[in-house]
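Asker: Can you look at this prediction? I've put the sequence above it.
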Amino acid sequence: IEIDGPFPADTMWLKASKPYNENEPQPYHAYIACYHDQGLIPIKLLGLESAVNVSINLPVIR
């Protein structure tokens, strides 16, 4: 498995949004955010209908 990063959240989502908006292949298969707000807000802005959000190891069921 090849893993790149870490990247600042604003830079990572900017790089992810450009190919998405231009309907080009993404440079990565997955994007991982350590904090809920860093990951969920851009996901909802960029691809609410097609994105998947997975929360792992939460002490409560969401």
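Answerer: Arrived safely.

Asker: In the one helix or strand residue 18 maps to, which residues are buried?
Answerer: Element membership for residue 18 (DSSP states H and E) is helix 9-21. Neighbour-count burial for helix 9-21 flags 9, 12, 13, 16, 20 (criterion: 16 or more other C-beta atoms under 10 Å). The way it works is simple: take the backbone N, C-alpha and C, and place the C-beta from them, glycine included.

Asker: from the residues you listed, which is closest to residue 58?
Answerer: residue 9 (20.1 Å; C-beta to C-beta).

Asker: any idea how far that closest one is from residue 59?
Answerer: Residue 9 is 24 Å from residue 59, where distance means C-beta to C-beta, to the nearest Å.

Asker: swap in residue 44?
Answerer: Taken as C-beta to C-beta, the span from residue 44 to residue 59 is 24 Å.

Asker: Those two: who's more crowded?
Answerer: A direct count of neighbours by other C-beta atoms under 10 Å for residue 44 and residue 59 places residue 44 higher, at 11 against 4.

Asker: what angle do the helix or strand harbouring the more buried one and helix 9-21 make?
Answerer: Residue 44 belongs to helix 36-47 when assigned by DSSP H and E. Put simply, helix 36-47 runs at 20 degrees to helix 9-21, going by axes from the mean of the first three to the mean of the last three C-alpha atoms, to 10 degrees.

Asker: Now do residue 51 against residue 14, distance only.
Answerer: Distance from residue 51 to residue 14, by C-beta to C-beta: 16 Å.

Asker: Could you do residue 56 as well?
Answerer: Residue 56 is 25 Å from residue 14, by C-beta to C-beta.
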